[in-house]
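Here you go, sequence then predicted model.
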Amino acid sequence: MQKPILTPAQAVTKIKSGMTLMIGGFLAAGSPIKILKALAESDVHDLTIICNDTAFPDKGIGLLIAAKKVKKVIASHIGTNPLTVEQFNNKETEVVFVPQGTLAEQVRCGGSGLGGVLTPTGLGTMVAEGKQIITLDGKEYLLEKALRGDIALVGANIGDTAGNLYYKGTTQNFNPLMAMACDTVIAEVEELVPAGEIPMENVHTQGILVDFLVKI
């Protein structure tokens, strides 16, 4: 079945203020750049974003930070974006720091119907504050609950008209995980090809997960 093809502006109309967005990318590599730019220019606000990082002030997720569209960030680091640091210090934006591997597992759990993951990472540190500690076979673990969002925004190198996606190299990063953990998935693709042109073994995100395509 062919997926609807939207412009970046049309994609943004699917996003409402107060939503939780899961956004793929690592320092903007693999991020849906055009969608994020259109979102930064929209009147949508008070977003919660779940992502690996907030990129740079002038690129990717950083545009949302610069436009003050974000009320809460759940990420593994924000150090490359001084605006995120400034807003965090000024208590304008809440930031929840999560170890990168833990973040990936929380998102994976959200997409796999699991309640959470047990991990020793963070025990004895501020990461453990307020969290449940479970003892299993004599060893302590933190219970890190699954993460899900309203809409996933992912960026792919190639997509076909059925919504199957291929990510080149390290642009894959968090994208496949984010696409599994949201009710709605919008994929920005650099190249759009007919269904069946992407070899099955090269499909990183299956079309059944994707609701809308944005061709750039």
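Thanks, I have it.

use CA for all of it now, contacts and neighbours both
OK.

What residues sit buried inside stretch 114-126?
116-119, 121 (16 or more other C-alpha atoms under 10 Å).

Could you identify the longest helix within this protein?
helix 100-112 (DSSP state H).

so what does it touch, helix or strand wise?
The contact analysis (3 or more C-alpha pairs under 8 Å, 6 or more residues apart in numbering; DSSP states H and E) places helix 100-112 against strand 116-119, strand 139-145, helix 175-180.

buried ones in the longest one?
Translated: strand 139-145. For strand 139-145, burial by neighbour count (16+ other C-alpha under 10 Å) applies to 141-145.

List the neighbouring strands of that strand plus their orientation.
strand 116-119 (antiparallel), strand 133-136 (antiparallel) (DSSP bridges).

To residue 181, which of these lies closest?
The closest of these to residue 181 is strand 116-119. By C-alpha to C-alpha, the value is 12.7 Å.

Could you find the closest non-adjacent residue to the residue most central in space within the chain?
Relative to the mean C-alpha position of the chain, the nearest C-alpha, by C-alpha atoms, centre = their mean, is the one of residue 23, at 2.4 Å. Spatially, and ignoring its direct neighbours in sequence, residue 23 is nearest to residue 153 (4.9 Å; C-alpha to C-alpha, 6 or more residues apart in numbering).

Dump the helix or strand hosting that neighbour to PDB, restricted to CA.
Here residue 153 sits within strand 149-160, counting by DSSP states H and E. Included here for strand 149-160 are C-alpha records, laid out as PDB according to Å, rounded to 0.1, in the frame of the first residue of the first chain:
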ATOM      1  CA  GLY A 149       6.000   8.800  22.100                       C
ATOM      2  CA  ASP A 150       3.100  10.200  20.100                       C
ATOM      3  CA  ILE A 151       5.000  10.700  16.900                       C
ATOM      4  CA  ALA A 152       8.400   9.500  15.700                       C
ATOM      5  CA  LEU A 153      10.300  11.700  13.200                       C
ATOM      6  CA  VAL A 154      13.000   9.800  11.400                       C
ATOM      7  CA  GLY A 155      15.400  10.500   8.500                       C
ATOM      8  CA  ALA A 156      16.300   7.900   5.900                       C
ATOM      9  CA  ASN A 157      18.500   7.900   2.900                       C
ATOM     10  CA  ILE A 158      16.200   5.800   0.800                       C
ATOM     11  CA  GLY A 159      12.500   5.100   1.200                       C
ATOM     12  CA  ASP A 160      10.100   3.300  -1.100                       C
END
